[in-house]
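when you get a sec, could you give me coordinates for this:
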Amino acid sequence: MPQLFRRGLSPLLTIYIVSFFFTLHAAIPVYINSSFLSTLISEKYVGLLYTGAALLTIIALILIPKLLRLVGDYFATLLFIVLEVAALIGIAVLEDANLIIALFIISSVLITLVSFDFDLIVESLSKNASTGSIRGLYLTSANVAWVIAPALAAFILTDGEYWRVYLAAAVILVPGLFIFAGRLERFKDPLYRIIHFKKTLRAVWQDKNLRYIFSLSFLLQFFFTLMVIYTPIYLHEHIGFAWKELGIIFSIMLVPFLLLEAPLGRLADKVLGEKELLIAGFLVMALATGTMYFFTAPSFALWAALLFTTRVGAAMVEVMTETYFFKKVSAGDANIVGLNRTVRPFAGMLGPLAATALLAFISLPSLFLSLGVFMLLGVPLAAMLKDTR
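From the prediction side, this is the model:
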């Protein structure tokens, strides 16, 4: 099998395929994680586990450029994937709540580190003029998995047996591990420039366009964090949807990532700059998310359409932030890429803390209204960017 991959697949196509398996494995449990964790600890403390995982992820991303210089991207990624498979098997078979929680946190860190390594590989194989197209296709390969995952998870999850979902996630990642190991062992690492974290932060802050794109990425990840944690709880516990219904709703919700990101990436390369699409994306996100406050009926069609619209905006923002950022950096800028990837765990740390504080004073539906208003900050920030075209 490795010989077949060696003959038939280019490195870029290989990473697209590996990304599909990797994303599918990560996406299958993502919408049941908060409900599963609430069976181990009190629901009000679940957000703190996400905060702890995010804090450790930030530390790992700060340290990873040194590891890449030592062993290279290929061996580091291989190690992380093997550890991720082991962590998921542990979550599935162990019964001690403390061990399961520890493995959940470790898995969260590993998923971000593998994603970071994939970013560097894709960037090293990209030409700047086609960054939007390549990033769009890369995101699309992952988004096929995102669309499939919720419905698949709902099918696997029966009678509250969450362990089935985590074991399935481990099994799904194994083909990706073998494809990666068999095809990318000759990947040539760029020179990973080791710069002090404070210097990297200062360099980003002094470049106003990087500063703005980091801010826009933070808003997007803040949105994803709160929606992933609180939407399943709200729709399952408060609106009353069954998991089988939610699986289909969430799959429909994620279709825009599959349909829009590749063509929008090409559009940004050939016709428009990123700024206009970013502004439109944040407006759609803000309006659709805020609208969730006004609906409480358990209507399948209504919630599928509403959540679908939130992701239309999010897909526009995601591909444009990725395209703009990677047109500004190279694969050797591991510290800057690493700092950019700390945005997600940083939002993952602050998001649950902010939500926990807000929920002491407001209802859960009001949280979505507040999130919609917060997304409006993306409009003036995007307007201040200098387009790459």
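
CA atoms for contacts and neighbours, from now on please.
Fine.

any idea how far the helix or strand hosting residue 267 is from the chain center?
If you go by DSSP states H and E, residue 267 is part of helix 255-270. Its chain's average C-alpha position is 17 Å from that of helix 255-270, according to C-alpha atoms, centre = their mean, to the nearest Å.

in it, what counts as buried?
255-258, 260-269 (16 or more other C-alpha atoms under 10 Å).

and it, what's its mean pLDDT?
Averaging pLDDT along helix 255-270 gives 77.

then stretch 78-93?
On average, stretch 78-93 scores 95.

hmm, who's touching that stretch?
With contacts defined as C-alpha atoms under 8 Å, 6 or more residues apart in numbering, stretch 78-93 is touched by 99-100, 103-104, 106-107, 110-111, 113-114, 162-167, 169-171, 173-174, 177, 180-181.

among these, name the buried ones.
Buried among the contacts of stretch 78-93 (16+ other C-alpha under 10 Å): 100, 103-104, 106-107, 110-111, 113-114, 162-167, 169-170, 173-174, 177, 180-181.

among the residues you listed, name the ones in helices.
Counting by DSSP state H, the buried ones among the contacts of stretch 78-93 place 100, 103-104, 106-107, 110-111, 113-114, 163-167, 169-170, 173-174, 177, 180-181 in helices.

and which of the buried residues of helix 255-270 is nearest residue 323?
residue 265 (7.1 Å; C-alpha to C-alpha).

so that closest one makes contact with residue 319?
Yes: assessed by C-alpha atoms under 8 Å, residue 265 is found in contact with residue 319 at 6.4 Å.

by mean pLDDT, flag the weakest helix or strand of the chain.
In the chain, the helix or strand scored least confidently by mean pLDDT, DSSP states H and E is helix 2-8, which has a mean of 45.

so where's the stretch 151-300 of the chain shaky on pLDDT?
159, 184-197, 268-271, 273 (pLDDT under 70).

now the helices for it?
163-183, 197-206, 208-233, 243-253, 255-270, 274-291, 300-328 (DSSP state H, counting those that start in this stretch).

so which of those comes closest to residue 43?
Of all those, helix 208-233 comes closest under C-alpha to C-alpha, at 9.8 Å.

ok, now which ones touch residue 229?
Residue 229 neighbours (C-alpha under 8 Å, 6+ apart): 31, 34, 47.

filter these down to just the ones in helices.
34, 47.

just send the contacts of residue 229 back as CSV, with distance to residue 237 too.
Shown next, in CSV, are those (distance: C-alpha to C-alpha, whole Å):
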residue, distance to residue 237
31, 13
34, 12
47, 16
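
the contacts of residue 229, buried ones only, as a PyMOL selection?
In PyMOL syntax, the buried subset of those is picked out as below (16+ other C-alpha under 10 Å):
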select buried, resi 31+34+47
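
dump the contacts of residue 229 into CSV; add pLDDT and distance to residue 231 as well.
Shown next, in CSV, are the contacts of residue 229 (pLDDT from 0 to 100; distance: C-alpha to C-alpha, whole Å):
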residue, pLDDT, distance to residue 231
31, 85, 9
34, 83, 10
47, 80, 13
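
pull the CA atoms of the helix holding residue 267 into PDB?
Listed next in PDB are the C-alpha coordinates belonging to helix 255-270 (Å, rounded to 0.1, in the frame of the first residue of the first chain):
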ATOM      1  CA  VAL A 255     -22.000  22.400   4.200                       C
ATOM      2  CA  PRO A 256     -21.000  26.000   3.500                       C
ATOM      3  CA  PHE A 257     -17.400  25.200   4.400                       C
ATOM      4  CA  LEU A 258     -17.400  22.500   1.800                       C
ATOM      5  CA  LEU A 259     -19.100  24.500  -1.000                       C
ATOM      6  CA  LEU A 260     -17.600  28.000  -0.500                       C
ATOM      7  CA  GLU A 261     -14.000  27.900   0.600                       C
ATOM      8  CA  ALA A 262     -12.300  26.600  -2.500                       C
ATOM      9  CA  PRO A 263     -14.200  29.000  -5.000                       C
ATOM     10  CA  LEU A 264     -13.700  31.900  -2.500                       C
ATOM     11  CA  GLY A 265     -10.000  31.200  -2.400                       C
ATOM     12  CA  ARG A 266      -9.800  31.400  -6.200                       C
ATOM     13  CA  LEU A 267     -11.900  34.500  -6.200                       C
ATOM     14  CA  ALA A 268      -9.500  36.200  -3.700                       C
ATOM     15  CA  ASP A 269      -6.500  35.200  -5.900                       C
ATOM     16  CA  LYS A 270      -8.000  36.300  -9.300                       C
END
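
fine, thanks again, bye for now.
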